[in-house]
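S.K.: sequence? don't have it. structure:
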């Protein structure tokens, strides 16, 4: 009887437990959201990816690790799809997938294309803080 009670109570405990939010908000890029984040002086990370890109796949765990860092709790991570958001590529002057850009407000603080070294990605993206 106790076992049955514990098994039925377990889902309620899981649902009631506070969810640990990622430090940086990950959101698809829109000009309006980007302008709002810049005006607020937020730390902004931009990740230009393509689903077919092996370099983008290699970058993702490193970008995710930076986004999860507590220092990025007020940051926003915008994702840009290289294949479908050509207007955004022009706006940001991006010519290739696997491009990472760090902003602090309106100031661009770093940019790199094709890097997969975790330390280099962290160093680049933490320039936004």
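M.R.: Yep, that arrived. Since this is a predicted model, take the numbers as computed values, not measurements.

S.K.: For the rest of this, base every contact and every neighbour count on C-alpha atoms.
M.R.: Fine.

S.K.: Helices along the chain, start to end?
M.R.: Here the chain has its helices, by DSSP state H, at 2-16, 31-39, 54-68, 86-92, 118-125.

S.K.: what's the offset of the fourth one from the middle of its chain?
M.R.: Going back to what we said before, that points to helix 86-92. Distance of helix 86-92 from its chain centroid, counting by C-alpha atoms, centre = their mean, to the nearest Å, is 18 Å.

S.K.: So which residues make contact with that helix?
M.R.: The contact list for helix 86-92, computed with C-alpha atoms under 8 Å, 6 or more residues apart in numbering, reads 31, 80, 82, 95.

S.K.: Quick check, pLDDT for the most centrally placed residue in the chain.
M.R.: With distances taken as C-alpha atoms, centre = their mean, residue 77 lies nearest the centre of the chain, 3.3 Å away. pLDDT recorded at residue 77 is 96.

S.K.: Enumerate every residue touching it.
M.R.: Residue 77 makes contacts with 24-27, 44-47, 67, as judged by C-alpha under 8 Å, 6+ apart.

S.K.: That one bridge partners, please.
M.R.: Note on residue 77: beta-bridge partners residue 26, residue 45, judged by DSSP bridges.

S.K.: swap in residue 102?
M.R.: Listed by DSSP bridges, the beta-bridge partners for residue 102 are residue 45, residue 110.

S.K.: what about it, how many neighbours?
M.R.: 23 (other C-alpha atoms under 10 Å).

S.K.: With residue 97 instead?
M.R.: Neighbours of residue 97 (other C-alpha under 10 Å): 22.

S.K.: contacting residues around it?
M.R.: 48-50, 53, 56, 82, 113-114.
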